[in-house]
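Peer 1: Okay, structure incoming, though there's no sequence with it:
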Ligand SMILES: O=P(O)(O)OC[C@H]1O[C@](O)(CO)[C@@H](O)[C@@H]1O
């Protein structure tokens, strides 16, 4: 499709057909869709790897899905997908390939960037990580004073934090429980303070994770961590080598910081920060769960990569999930998307997805540099479901907004729970199934009346239902299943960016704030004049200085 036509996405026949179809469907009711097709519950489902996907509770018909697939074909989603897998530079604003899929490619795969096969490098780093992780886990790697490492503190932010921190939580029951693993991201000194205050520096390894190794928050925290360590050990610079390793693409900056590049685990500019936790950025995770589990996780990623690459449009799960998001965002004016896991271990999963999705698709400029005039990425939010039920589910059930949601749950509790605690799994999952049922089918006024509810309360106790959800169900939360889930969302985000014609792999929107913070800081510390500072910010800075006794 040529660029001009492409930029007028909402004037293409495929888009117009969807808009017309939406009008014709009107207020289609899930109750009616199920009544008309008793096979819908079992029929509107797909399987990818261990993930069973139920999309029956969506406001769609076969015709909706067909039209959405036509939009995907017209926007050449699969063409862009193939270009990504081939290593073409589809991140055009940064002139980079997008190859997180190469991070989980098998050893014998050949994926070229600028004529060079990147797969041997990927496996060389994985092997180096595995060797190091085993040395730490076995006690062979010791600190400066000869003590065994018992604590690992990952310092990084954004993609250099959220992924490994999330995965560490998810796979906690697979971790070495004798190791303390913590994640520090915030430049607020309280974060590092709380992470280190009860640790013995002689037993602590800092993993400095930064793709660029220039991110102010990370370098500031790493510098403070080094001061803390040297102060606690009463040692000189020579102690750094046993207590600091770096995960980065920037060897120059790593050695400038004082970390021996022999202790650096490399990755590449074709790995986006938010797509990086299965690269060297996962080192702290690998130390925690061990190399074998880490590789199982990579296998899970690969399984979904292969599915995305080869499954036909009708059964391609990332394509389906991406298109459902387009349906609600562009044809129902939904502004947000909730991800609601029914697993305590997935407590950081939605926070991780926020960066993955919102930093990727939160854009109003298209690939051609022109402003788009259609909605792009949604606000992604959510927390573990049962907690949400007692907080914000009221709004999902009876509020005025349409909030499509993903429900993620597991048939089995984690193995290490006691029998008593395992017994809590059925009540947990009863909530899981009950909620999507209530959201979809609600409760009619007549059903409420039949319960003898006084007439003045009938409206209050009525649930309109028709709230769309996807249910993702797997037997057990394993490393492989985590990899499958993450790859599923990565590719879903990809599909949406492709349809909307935006570059999902840059993040220019985070730059302005960084530049302004640098300019404002001298005003806070020294009262320096900041040229061009607006009146509101000036007054706020003055108030800050007054409150800190600096005025
Ligand atoms: O790994 P780095 O280079 O420190 O960057 C951290 C994060 O900062 C960002 O660039 C946003 O500011 C993210 O995309 C990235 O994950």
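Peer 2: All right, it came through fine. Remember, it's a predicted structure, so these values are computed and weren't measured experimentally. Numbers count the residues shown, from 1 in each chain.

Peer 1: Next to the ligand, which bits of the stretch 251-400 of the chain? Give me the list.
Peer 2: 273-274, 359 (Cβ under 6 Å from any ligand atom). C-beta: built from backbone N, CA, C; applies to glycine.

Peer 1: same thing but at 8 Å, please
Peer 2: Contact residues (Cβ under 8 Å from any ligand atom) of the stretch 251-400 of the chain with the ligand: 272-274, 276, 281, 355, 359.

Peer 1: Which one (most neighbours) among these?
Peer 2: Among those, residue 281 has the most neighbours (other Cβ atoms under 10 Å), with 28 neighbours.

Peer 1: For residue 154, give the beta-bridge partners.
Peer 2: Beta-bridge partners for residue 154, by DSSP bridges, are residue 183, residue 207.

Peer 1: if we can go back for a sec, among the residues of the stretch 251-400 of the chain next to the ligand, which two are most distant?
Peer 2: Greatest spatial distance among those (Cβ to Cβ): 281 and 359, at 15.1 Å.

Peer 1: mind listing the strands in the chain by residue range?
Peer 2: All strands of the chain, identified by DSSP state E, fall at 45-48, 51-54, 112-113, 116-117, 151-155, 180-184, 204-209, 244-248, 264-266, 336-341, 379-381, 405-410, 469-474.

Peer 1: Dump the ones you listed into TSV; add mean pLDDT and mean neighbour count as well.
Peer 2: Shown next, in TSV, are those (pLDDT from 0 to 100; neighbours: other Cβ atoms under 10 Å):
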stretch	mean pLDDT	mean neighbour count
strand 45-48	98	16
strand 51-54	98	18
strand 112-113	96	17
strand 116-117	98	12
strand 151-155	98	25
strand 180-184	98	21
strand 204-209	98	27
strand 244-248	98	27
strand 264-266	98	21
strand 336-341	98	23
strand 379-381	98	19
strand 405-410	98	24
strand 469-474	98	22
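
Peer 1: between these, which one is nearest to residue 512?
Peer 2: Residue 512 sits nearest to strand 379-381 of all the strands of the chain, at 19.9 Å, using Cβ to Cβ.

Peer 1: Which strands or helices does that closest one pack on?
Peer 2: Other helices and strands packing on strand 379-381, by 3 or more Cβ pairs under 8 Å, 6 or more residues apart in numbering; DSSP states H and E, are strand 336-341, helix 349-354.

Peer 1: and it, how far out from the chain's middle?
Peer 2: Averaged C-alpha coordinates place strand 379-381 at 11 Å from its chain's average position (Cα atoms, centre = their mean, to the nearest Å).

Peer 1: Excluding sequence neighbours, find me the nearest residue to the residue in the stretch 351-500 of the chain that the ligand sits nearest to.
Peer 2: Nearest residue of the stretch 351-500 of the chain to the ligand (Cβ to the nearest ligand atom) works out as residue 359 at 5.8 Å. Of all residues not flanking residue 359 in the chain, residue 507 sits nearest, at 5.0 Å (Cβ to Cβ, 6 or more residues apart in numbering).

Peer 1: top helix in this protein by residue count?
Peer 2: Counting residues, the longest helix found in the chain (DSSP state H) is helix 479-500.

Peer 1: I'd like the average pLDDT over it.
Peer 2: When pLDDT is averaged along helix 479-500, the result is 98.

Peer 1: For the chain, which residues are neighbours of the ligand?
Peer 2: Residues of the chain lying close to the ligand (Cβ under 8 Å from any ligand atom) are 156-162, 209-215, 217-218, 248, 272-274, 276, 281, 355, 359, 507, 510-511, 514.

Peer 1: Try it again at 6 Å.
Peer 2: Within the chain, the residues that sit near the ligand (Cβ under 6 Å from any ligand atom) are 157-160, 210-212, 215, 218, 273-274, 359, 507, 510.

Peer 1: Make a ChimeraX selection of the buried ones in the residues you listed.
Peer 2: Here is the ChimeraX command that picks out the buried ones among those, judged by 16 or more other Cβ atoms under 10 Å:
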select :157,158,159,160,210,211,215,218,273,274,359,507
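
Peer 1: got the residues of the chain next to the ligand as a markdown table, with pLDDT columns?
Peer 2: Shown next, in a markdown table, are those (pLDDT from 0 to 100):
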| residue | pLDDT |
| --- | --- |
| 157 | 98 |
| 158 | 98 |
| 159 | 98 |
| 160 | 98 |
| 210 | 97 |
| 211 | 96 |
| 212 | 95 |
| 215 | 96 |
| 218 | 97 |
| 273 | 98 |
| 274 | 98 |
| 359 | 98 |
| 507 | 97 |
| 510 | 95 |
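
Peer 1: possible to save the residues of the chain next to the ligand as a markdown table with distance to residue 400?
Peer 2: Conversion of the residues of the chain next to the ligand to a markdown table gives the following (distance: Cβ to Cβ, whole Å):
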| residue | distance to residue 400 |
| --- | --- |
| 157 | 36 |
| 158 | 33 |
| 159 | 35 |
| 160 | 39 |
| 210 | 43 |
| 211 | 41 |
| 212 | 43 |
| 215 | 40 |
| 218 | 41 |
| 273 | 36 |
| 274 | 32 |
| 359 | 28 |
| 507 | 32 |
| 510 | 32 |
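
Peer 1: Looking at the residues of the chain next to the ligand, which are in helices?
Peer 2: residue 218.

Peer 1: circling back: among the helices and strands packed on strand 379-381, which comes closest to residue 198?
Peer 2: Comparing these by Cβ to Cβ, helix 349-354 comes nearest, at 24.6 Å.
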